[in-house]
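Asker: quick one: sequence plus predicted model below, questions after.
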Amino acid sequence: MSQEASMFSAADVVVSYDSSTGHDLTVQEFPLPANFAWGTATAAYQIEGGASQDGKGKSIWDTYSHLEPSRTNGENADVSCDHYNRMPEDVELMASLDVDVYRFSIAWSRIIPLGGRDDPVNEKGIAFYNDLIDRLVARNIEPVVTLYHWDAPQEIYDRYGALLDTGEFRADFEHYARLCFTRFGDRVKKWVTFNEPYIISIFAHLNGTLAPGHCREAGTDTKAEPWRVGHTIILSHAAVVDMYAREFQASQEGEITIVLNGHFYEPYNASLQADKDAAERRMVFYIGWFADPVFLGSDYPAEMRSYLGPRLPEFTPDERELLRRTAPINAFYGMNHYSTKYARQLSDPPADDDWTSNIEESSVNSEGKEIGPVSGLGWLRVAPEGFRKLLNWVWKRYHVPIIVTENGCPYGGEEDVARAVDDKFRQRYFGLYLDAISRAIYEDGVVVKGYYAWSLMDNYEWSAGYGPRYGIVHVDFTTLKRTPKGSAYYLRDTFKSRRKASSRRDVC
Ligand code: PNW
């Protein structure tokens, strides 16, 4: 199984930070700019629960999480953290941690239960998000809203395959986005259209480990579908950016962009040119796939065109013009980042649906050296140097300010609240990754404006169910009690002192 397909392993490993990496993994507490924003992030399906409350329609995740046999560890998010009913408490919790920002997503099928442009609006769903936004604003917490965090309305999937039909999806998504801008845009000043198009395309339409679970075994066209889905996302994003700029930006004065995830890649064998090229090309296929059209307004990267040939859809002249026009409107690069991997160029012929240009990923290189200490997930290694390099890579290629819209890690044994609260592993991970940002800013000249920890609280980790816990707040999934972990206080305190340190630095 490729690393990409394995979601959860090594639940309770004992970690030594000075393992085989040879890197200095001591947190330095380097400063961050005085106006650097910190926040927490969540997604609707992962925390809300209230699956059919107040007229909410089904999403593809409601269906996928109830499949028999289960593809989600036997678990669903019908209740999850019950945020839908406990939202005021959660806002107060964030206020107590002094967060500047809360990034959350809107469940499309909560406000348009059937999803389509001619379907009715659910005012009770709108009221929930209005209340959330009002409470955030009252607490001086900036709402950052993602429109699509993986939960397409089931009905539009049944009607036309959701993201598989570019024209239909784009029209329905535009309608949904317009509704959100109209109802919430007086108070929401940062919008994200899509969360992680790579994961939607590959995990949901090739590996099949996320809803709607398309994969070779399910008989779907894994050669073409992921690239069609990516194409739909890019064009739907651009259309909505265009609409926001034309119809809303002048009066609402907000910003809009997309969130892309990506690892940094190091060569598996650093003395082989083929592996060095593979590491670079893996990032082009992972990130450039979306970021070139979105932020440069250009075609897909040339490497992808030549490798994928007719599997990769074409942009029409009108679409190229749309991309060119909207590229500079994207206000920042939303970066979700968790870890670094090694990339190795394979020589055996790849599968006909290969999406990597025949590159294998691993956490151990040709000399047996690990990329970093393992977290609660085998692939998620502590590798802050890779993070710094990725910030540089993105800045050099796209030259837009970066906001880190997700970063964090799970660790083993955190069901037990007493153990979870003492989450030194996570505190150190955060500390090291914040040091990497500081060095990228002050030593490398990269513009990074904010950092949102994933996640505000333990939640439903998609196909891994309630296994991996990424929260800075522990959730007891029986009583639903919230208990801040040490990392919540670490983040509150470290941002206070790092930002103070930077003002001193600026004065000197
Ligand atoms: C993100 N990977 O997903 C999502 O935005 C969140 O909803 C999710 O809970 C969080 O990260 C933790 O997994 C990812 O394989 C899924 O590199 C997979 C990867 C990265 C991010």
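Answerer: Noted; the coordinates are in hand. Numbers count the residues shown, from 1 in each chain.

Asker: in the helix or strand bottoming out on mean pLDDT in the chain, what's buried?
Answerer: None of the helices or strands of the chain scores lower by mean pLDDT, DSSP states H and E than helix 486-507, at a mean of 88. Residues of helix 486-507 classed as buried under the neighbour-count rule (16 or more other Cβ atoms under 10 Å) are 487-488, 490-492, 494-495, 498-499, 501-502. All C-beta spots, glycine's among them, are computed from the backbone N, C-alpha and C.

Asker: ok, now stretch 409-417?
Answerer: Buried residues in stretch 409-417, counting neighbours by 16+ other Cβ under 10 Å, are found at 409-412, 414.

Asker: and for stretch 423-441?
Answerer: 423, 425-441.

Asker: burial check on Val137, number of neighbours?
Answerer: Counted by other Cβ atoms under 10 Å, the residues lying close to Val137 total 14.

Asker: which SS state does it fall under?
Answerer: Assigned with DSSP: H, G, I helix; E, B strand; the rest coil, Val137 falls in the helix class.

Asker: got a list of what it touches?
Answerer: 143, 187 (Cβ atoms under 8 Å, 6 or more residues apart in numbering).

Asker: ditto for Gly74
Answerer: Neighbouring residues of Gly74 by Cβ under 8 Å, 6+ apart: Gly465.

Asker: doesn't it lie inside a strand?
Answerer: No - going by three-state DSSP, the assignment for Gly74 is coil, not a strand.

Asker: what separates it from Ser65, distance-wise?
Answerer: With the distance defined as Cβ to Cβ, to the nearest Å, Gly74 ends up 10 Å from Ser65.

Asker: now Lys276: closest residue in space that isn't a chain neighbour?
Answerer: Closest residue to Lys276 apart from its sequence neighbours, by Cβ to Cβ, 6 or more residues apart in numbering: Pro267 at 4.6 Å.

Asker: what about Gly465, neighbour count?
Answerer: Gly465 is flanked by 18 other residues according to other Cβ under 10 Å.

Asker: I'd guessed it sits against Tyr64; true?
Answerer: No - look at Gly465 against Tyr64 with Cβ atoms under 8 Å: they stay out of range, at 11.9 Å.

Asker: which parts of this structure sit against the ligand?
Answerer: Taking Cβ under 6 Å from any ligand atom as the criterion, the chain approaches the ligand at residues 43, 46, 195-196, 199, 261, 336, 338, 406, 454, 461, 470.

Asker: among the residues you listed, which are located in strands?
Answerer: Among these, the ones falling in strands (DSSP state E) are 195, 261, 336, 406, 454.

Asker: and of the residues you listed, the nearest to Leu97?
Answerer: The shortest approach to Leu97 among these belongs to Trp454, at 14.6 Å (Cβ to Cβ).

Asker: what is the least confident helix or strand of the chain packed up against?
Answerer: Helices and strands touching helix 486-507, as assessed by 3 or more Cβ pairs under 8 Å, 6 or more residues apart in numbering; DSSP states H and E, comprise helix 424-442.

Asker: and the helix it packs on, average pLDDT?
Answerer: Per-region confidence: helix 424-442 scores 98 on mean pLDDT.

Asker: this completes my enquiry, with thanks.
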